[in-house]
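1. When you get a sec, could you give me coordinates for this:
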Amino acid sequence: SISKLRIVDSDGTTTRILETQPEIREEIKTFYSNLFAKQQNLDREKQQNILKNIKRRLPMNKRTLLERRLSKKELHFAVFQTEDGKSPGWDGIPYEVYKFFWDIFEQKFFEMQDQLLNTICRLSDTQRLSIITLLHKGGDPEDLANWSPVSLLCTDYNNITKAISNRLRKILGCVIHEEQ
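-> Numbers count the residues shown, from 1 in each chain. Presented below is the predicted three-dimensional model:
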């Protein structure tokens, strides 16, 4: 945890040092709220002009691939693709548990994700929950700019999104130029 934060003004002069956890938490909240604030200066007309000039289109067979329901095979691959020893999500369930007990809960996991993605069309409250932690990137640990926020999501969410991202990877070359 961060035990001390140095507040610096725009010219680099230290204005104060925060040492209590309530002050530090409030500064972290303010810092990242400002950093990630929604910017309202988007010109919709310019966006539309850019989108109109995109020549690449997704072929129908690739669209069909994206729109179909996730298969048991895709979920299995996603679960077993994850390296052992990776940090679990906020729920504390290691990926190794999914792998070890896959034969037991493959069917229930498949039904759960199918219902969430295709019937309810919304993850449960606990599946959408994330815990944000800060990781020190290097440099002065008293400078908040040297910390990166990381969201810890539940393992169900990570497994489902891994299966979806694997599917997306198959079609990216159709819509994104290889130089990007």
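2. Tell me where the protein has strands.
-> Counting by DSSP state E, the segments of the chain that form strands are 5-8, 14-18, 130-136, 147-153.
3. So what touches the first one?
-> So that's strand 5-8. Applying CB atoms under 8 Å, 6 or more residues apart in numbering, the external contacts of strand 5-8 come out as 14-18, 23-24, 27-28, 140, 142-144. (Each C-beta comes from the backbone N, C-alpha and C, glycine too.)
4. how does it look with 7 Å?
-> 14-18, 24, 27, 142-144 (CB atoms under 7 Å, 6 or more residues apart in numbering).
5. Averaged pLDDT, that strand. What do you get?
-> On average, the pLDDT along strand 5-8 is 88.
6. From the contact counts, what lies against the helix ranked longest in the chain?
-> Looking across the chain with DSSP state H, the single longest helix is helix 155-175. Using 3 or more CB pairs under 7 Å, 6 or more residues apart in numbering; DSSP states H and E, the elements in contact with helix 155-175 are helix 60-67, helix 72-81, helix 95-100.
7. who's in contact with the residue most central in space within the chain?
-> Central residue of the chain (CA atoms, centre = their mean): Ser151, 6.9 Å from the mean position. Contacts for Ser151 (CB under 7 Å, 6+ apart) come out as 130, 132.
8. which of the strands of the chain sits most buried?
-> Neighbour counts (mean count of other CB atoms under 10 Å) averaged over each of these peak at strand 5-8, with a mean of 16.
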